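In: A predicted structure for the sequence below; I have some questions about it.
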Amino acid sequence: MPELPEVETVVRDLRPRLVGRRFRHVEGSSQPLRTEVSWDRLGLVLGHCVEDVRRRGKWIVVCVAREIYLVIHLGMTGQLVITQGEAPQLPHTHLIFSFHQSTEQLRFRDIRRFGSARVFDSPEELEQFFKKTGLGPEPFDLDPKYWRERLAATSRNLKAILLDQCIVAGVGNIYADESLFVARLHPARRGRDLSAVEARRLREAIATVLTRAIEKRGSSIRNYVGGSGLKGEYQHEFLVYGRKGQPCVRCGRAIERIVLAGRSTHFCPRCQKRKDEG
DNA sequence: ACAGGATCCTGGGGGC
DNA sequence: TGCCCCCAGGATCCTG
């Protein structure tokens, strides 16, 4: 579910409510997450204060004193929310953190359990983890030369390239389709076939789309909520995603849906031509 | 190197 | 009402 704008929204919601809080207790469900949660590791955060909450790609990084890092991925249906301790426990709640001198709790729910939580106890270990996954650069400081070279070096289609977290971090299925529409590029075009102008258009479209989506607190289609439990609003601004058969906002032609990289892919066949000159 | 499919899960919606 | 199939903001592994 959550892509960069949704994760960024969670992080912005959580930061002011978590920083300074000292972890008191953690408990969880018996059902395992995709990556096994090590209770020993989770216990490392107890007794220490949250110093910051950050985002890297689609990863949430809760920075805890003593250089301990709680790293959470929301998968498709993950929710990381602050609630009152007496609030009823919803189904599929897998982790509950409580704090000293606070009635609030940090709860992690995940219906499909594609999400994960882990703890690292040094900056080096955290870096090593991101390095091992090959996580690419953030989309807002994509170096133009790096971007052109990565595109030129591959014959993969643009949809697959955008979904590849090693090339650019944070883009998922919704924002890949929206970005390609804004850049007026067919999702099946090959990376190496893009001109310098097209490569630049795509790079700028990604930043534009993600920035606007963050402003609208992300997209809530079914499960997503921010760190305070609020839904996002960007779904009302989708130009192509989920709009199969509906008229293109730019030219009126019906939006098409195909499958690329194993994912639903939406585009306007007139505005996004396979060949140049849309 | 790359595409495509299957896999991990649960739940909602549509068709019959 | 029930059942069956398809679909879903992700990522990874295996095959050809």
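Out: Thanks, I have the structure now. Residues are numbered from 1 along each chain as shown, chains lettered A, B, ... in the order given.
In: so what's the residue count around the residue lying closest to residue A:208 once chain neighbours are set aside?
Out: Using CB to CB, 6 or more residues apart in numbering and skipping the chain neighbours, the partner closest in space to residue A:208 is residue A:182 (6.3 Å). In short, each C-beta sits where N, CA and C put it, glycine included. Around residue A:182 there are 20 other residues, counting by other CB atoms under 10 Å.
In: for residue A:182, what are phi and psi?
Out: phi -60, psi -40 (degrees, to the nearest 10).
In: isn't it right up against residue A:210?
Out: No: Residue A:182 is beyond contact range of residue A:210, at 10.7 Å (criterion: CB atoms under 8 Å).
In: report pLDDT for the residue nearest to residue A:208.
Out: Looking at residue A:182, its pLDDT is 98.
In: for DNA strand C, give me its nearest residue in chain A.
Out: Nearest residue of chain A to DNA strand C, counting by CB to the nearest atom of the strand: residue A:172, 2.1 Å away.
In: report the distance from the helix ranked longest in chain A to the chain centre.
Out: Counting residues, the longest helix found in chain A (DSSP state H) is helix A:196-215. From the chain centre to the centre of helix A:196-215 is a distance of 16 Å (CA atoms, centre = their mean, to the nearest Å).
In: could you point out the helix or strand that follows that helix?
Out: strand A:256-260 (DSSP states H and E).
In: and the lowest-mean-pLDDT helix or strand in chain A, how far out from the chain's middle?
Out: In chain A, no helix or strand scores lower on mean pLDDT, DSSP states H and E than helix A:39-42, which sits at a mean of 89. Taking CA atoms, centre = their mean, one finds helix A:39-42 lying 25 Å from the centre of the chain it belongs to.
In: residues in contact with it: which ones?
Out: Residues from elsewhere that reach helix A:39-42 (CB atoms under 8 Å, 6 or more residues apart in numbering): A:26, A:28, A:70, A:95, A:117-119.
In: who does the next helix or strand after that helix touch, helix- and strand-wise?
Out: With elements assigned by DSSP H and E, the helix or strand that comes after helix A:39-42 is strand A:50-56. Here strand A:50-56 touches helix A:4-18, strand A:59-64, going by 3 or more CB pairs under 8 Å, 6 or more residues apart in numbering; DSSP states H and E.
In: residues contacting residue A:84?
Out: Contacts of residue A:84 by CB under 8 Å, 6+ apart are A:103-105.
In: check residue A:50 too.
Out: Residue A:50 neighbours (CB under 8 Å, 6+ apart): A:18-23, A:62-64.
In: perfect, that will be all.
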